[in-house]
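Novice: Sequence first, predicted coordinates after that:
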Amino acid sequence: MRYLALVIASMRYAVSRGLASGRRSRFTLLWTLKELNAMTANRPMTAEQAATLKRLAEAAYEREAFQPNLTRAEADLRIAMLTAKLKLLDGPPHTL
């Protein structure tokens, strides 16, 4: 979602500078995906990430997974980890 916002901002910037105008001209992104990751990775996590992480940490009984001073990249990683853990715990018990 945040990549989409950055791409839209990049497009608006390019149009305002005359780099991309009209429907027939090809638009090239000003930043690569790797550069977008580098620009947003060290920022503090968003409120949406904080709420999701807190909810998942409580559901997985890992309250120490939520810390208010995480970066966006760290929050994304922990959200993915807790989501995977909850999917494993949600399944039926395995029988032999």
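Specialist: Everything's here; your move. Numbering: from 1, shown residues only.
Novice: Contacts for the helix or strand harbouring Glu48 next, please.
Specialist: With elements taken from DSSP states H and E, the one containing Glu48 is helix 47-59. Surrounding helix 47-59, the residues in contact under the criterion C-beta atoms under 8 Å, 6 or more residues apart in numbering are 45, 63-66, 68, 70, 72, 75-76, 78-79, 82-83, 86. All C-beta spots, glycine's among them, are computed from the backbone N, C-alpha and C.
Novice: If we go by neighbour counts, what in it is buried?
Specialist: For helix 47-59, the neighbour count (16 or more other C-beta atoms under 10 Å) marks 49-50, 52-53, 56-57 as buried.
Novice: out of those, which one sits closest to Pro92?
Specialist: Distances from the buried residues of helix 47-59 to Pro92 were compared by C-beta to C-beta; the smallest belongs to Leu56, at 21.1 Å.
Novice: That closest one and Arg63, how far apart?
Specialist: Between Leu56 and Arg63 the computed distance is 11 Å (C-beta to C-beta, to the nearest Å).
Novice: quick one on the thing from earlier: may I see the ChimeraX selection of the buried members of the contacts of helix 47-59?
Specialist: What follows is the ChimeraX syntax for the buried subset of the contacts of helix 47-59, where burial is set by 16+ other C-beta under 10 Å:
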select :45,65,66,70,72,75,76,78,79,82
